[in-house]
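*Asks:* I would like the atomic coordinates for the input below:
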Amino acid sequence: MASIIKLKLVILLMFLLSGCWDYKEIHQITYVTAIGIDYKDKVFTVYLLALNFANIAQREGVRPPKHNSLVGTGKGATVTEAMFDLYNSEQQRVYWGHVSTMIIGEAALKEITVEQLTDTINRYREIRYNIWIYGTDVPINKLLDIQPNFGYSPYDSKLMKPDKTYSQFSTIKPMYLYRFLSEYYERGVTAMLPKLVYEKSHWTENSKPTPHLVIDGAYFYSYKKFRGEVSFSQMNGKRYLDIEAERMLITIKQNGQATATFVLNRPEIITRHTIQDGQVYYDIEILLTGYLDELIKEMSQATMNSLLQKKVEQEVRKTFEAGKKIKADILNLNTPVFRFDFSDWNEFIWPNPDMDNIHIRNIDVKVLIKYTGKYKGRID
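*Replies:* Numbers count the residues shown, from 1 in each chain. Sure, this is the predicted structure:
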């Protein structure tokens, strides 16, 4: 009798054990790693870059010559509807937890609010907040088709890990979605969206040009309004006011000829504002350190510093003026006023979103060249 009772208890406990009824083989799942959104004629187009498990997890030292990536395209009246349009043709279960990048087409940036474009992405539980976000004016599917060289996975490309190259060459800072949205919703901040394109002019493979992704300018929002685009060449001055910029390349010239190239490190910035007759004037102090990377013509330390300071000041003013043309404070000079002197911001800056009364008065640049490389001479 006792044995029968024990057997019944064992059978009962078996029903309480958790099982693997919903288990999915990892190689039978489609991993979405990038999302693109565009808009035309009141229809959303969603692009998905999908990889399989072999693309994401690789054995050390083993890489195929090329990776197979799948780009899907869906259309709908909403972003969610366009995503479900893709579900209809997908052969395996789709997993969203590996999404690392979001790309938005220029037409969508101009016609649709950021709230509409990002609502589904932020609302869906599997997608994380720390994904990179870009804008673009080229077909999104072409960007998603570009493969890294040497058999690297697209998951390790500039599309999904732009911070790796930014730490080596700090130009336009890549932007996380959560960071972009926080700046977008903040009244006193101008939000920047890096512009992603591709080019074929720098690298070749077997004597054939190969396309590579590059960040070429940026789009800007202020007061939740799309302001416009600033080109790469006009953005140089912004890096000197970015405390996260690690390595900034700068070349100085004399009589139109390049004389020396430097690499500058993280800047320190101090800004002060003055109000005169309703006009806002900024005085900026920029402290930079760095090293001499190439010296073409001998010059004194005083001449070198003077040329460096002048070049940095020119680039900062050029970027500021480019921002004023699209009515945006792309250097975010107004942000400290908004945070620490709200009464001035509320009276003189907030009522003038067109930037007509905002000016840079003085820029004081101080540069300390810490070392000159392995060569000890050639500078006084």
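*Asks:* where do the helices sit along the protein?
*Replies:* Counting by DSSP state H, the chain has helices at residues 2-16, 53-56, 79-87, 106-111, 114-123, 140-145, 163-166, 177-185, 301-325, 334-340, 342-344.
*Asks:* buried residues in the fourth one?
*Replies:* Right, helix 106-111. 106, 108-109 (16 or more other C-beta atoms under 10 Å). Backbone N, C-alpha and C define where each C-beta goes, glycine included.
*Asks:* over to the shortest one?
*Replies:* Burial within helix 342-344, assessed by neighbour count using 16+ other C-beta under 10 Å, is assigned to Asp344.
*Asks:* what sits up against that helix?
*Replies:* With C-beta atoms under 8 Å, 6 or more residues apart in numbering as the test, helix 342-344 has contacts from 273, 275, 280, 337.
*Asks:* need the max-distance pair from those.
*Replies:* Ile275 and Val337 (9.7 Å; C-beta to C-beta).
*Asks:* thinking again about what came up before, from the contacts of helix 342-344, which is closest to Asn352?
*Replies:* Val280 (8.5 Å).
*Asks:* OK, contacts around the nearest residue to that closest one once chain neighbours are set aside?
*Replies:* Excluding the flanking residues, the one nearest Val280 by C-beta to C-beta, 6 or more residues apart in numbering is Ile358, at 5.1 Å. Counting by C-beta under 8 Å, 6+ apart, Ile358 touches 280, 282, 324, 329, 333-334, 349, 352.
*Asks:* where's Ile358 relative to Arg125, distance?
*Replies:* Distance of Ile358 to Arg125, given as C-beta to C-beta, to the nearest Å: 42 Å.
*Asks:* now list the buried members of the contacts of helix 342-344.
*Replies:* 273, 280, 337.
*Asks:* could these go into CSV alongside distance to Tyr371 and pLDDT?
*Replies:* What follows is the buried ones among the contacts of helix 342-344, written out as CSV (distance: C-beta to C-beta, whole Å; pLDDT from 0 to 100):
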residue, distance to Tyr371, pLDDT
His273, 36, 96
Val280, 39, 97
Val337, 37, 96
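*Asks:* deepest of the helices of the chain, which one?
*Replies:* Comparing these by mean neighbour count (mean count of other C-beta atoms under 10 Å), helix 140-145 ranks first with a mean of 19.
*Asks:* roughly how far is that helix from the heart of the chain?
*Replies:* 17 Å (C-alpha atoms, centre = their mean, to the nearest Å).
*Asks:* please apply the same query to stretch 121-130.
*Replies:* The answer for stretch 121-130 is 18 Å, by C-alpha atoms, centre = their mean.
*Asks:* now do it, average pLDDT.
*Replies:* Stretch 121-130 carries an average pLDDT of 81.
*Asks:* output that stretch in PDB, but only the C-alpha positions, please.
*Replies:* Output of stretch 121-130 as PDB, limited to C-alpha atoms (Å, rounded to 0.1, in the frame of the first residue of the first chain):
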ATOM      1  CA  ILE A 121      10.900  50.500 -31.100                       C
ATOM      2  CA  ASN A 122      10.700  51.800 -27.500                       C
ATOM      3  CA  ARG A 123       7.500  50.100 -26.700                       C
ATOM      4  CA  TYR A 124       8.400  46.500 -27.700                       C
ATOM      5  CA  ARG A 125       9.800  44.600 -24.800                       C
ATOM      6  CA  GLU A 126      12.600  42.700 -26.600                       C
ATOM      7  CA  ILE A 127      14.300  45.700 -28.100                       C
ATOM      8  CA  ARG A 128      16.800  47.500 -25.800                       C
ATOM      9  CA  TYR A 129      17.300  51.200 -25.400                       C
ATOM     10  CA  ASN A 130      21.000  51.200 -26.100                       C
END
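*Asks:* break this protein down into its structural domains.
*Replies:* Taking automatic domain parsing as the reference, the chain has its domains at 28-230, 242-380.
*Asks:* low-confidence stretches in this protein?
*Replies:* Across the chain, residues meeting the criterion (pLDDT under 70) sit at 1-3, 5-28, 52-68, 91, 151, 373-380.
*Asks:* the same query, at a cut-off of 80, please.
*Replies:* Applying pLDDT under 80 to the chain flags residues 1-30, 51-69, 88-94, 124-125, 148-157, 201, 204-206, 371-380.
*Asks:* could you pick out the longest strand of it?
*Replies:* strand 279-295 (DSSP state E).
*Asks:* how far away is Glu347 from Val337?
*Replies:* Distance, Glu347 to Val337, using C-beta to C-beta: 10 Å.
*Asks:* going by distance to Val114, which of the buried ones among the contacts of helix 342-344 wins?
*Replies:* Distance to Val114, by C-beta to C-beta, is smallest for Val337 among the buried ones among the contacts of helix 342-344, at 24.0 Å.
*Asks:* how about Val189, nearest residue that isn't a chain neighbour?
*Replies:* Spatially, and ignoring its direct neighbours in sequence, Val189 is nearest to Glu183 (4.5 Å; C-beta to C-beta, 6+ apart).
*Asks:* show me the contacts for the one you found.
*Replies:* Glu183 neighbours (C-beta under 8 Å, 6+ apart): 189-192.
*Asks:* repeat that for Ile121.
*Replies:* By C-beta under 8 Å, 6+ apart, the contact set of Ile121 is 35, 79, 102, 127, 131, 177.
*Asks:* what's the closest non-adjacent residue to the fifth one?
*Replies:* In space, Ile131 comes closest to Leu177 once its chain neighbours are excluded; the distance is 5.0 Å by C-beta to C-beta, 6+ apart.
*Asks:* distance check, the one you found against Gly256.
*Replies:* Leu177 is 43 Å from Gly256, where distance means C-beta to C-beta.
*Asks:* same deal with Phe262?
*Replies:* Here Phe262 is placed at a distance of 18 Å from Gly256 (C-beta to C-beta).
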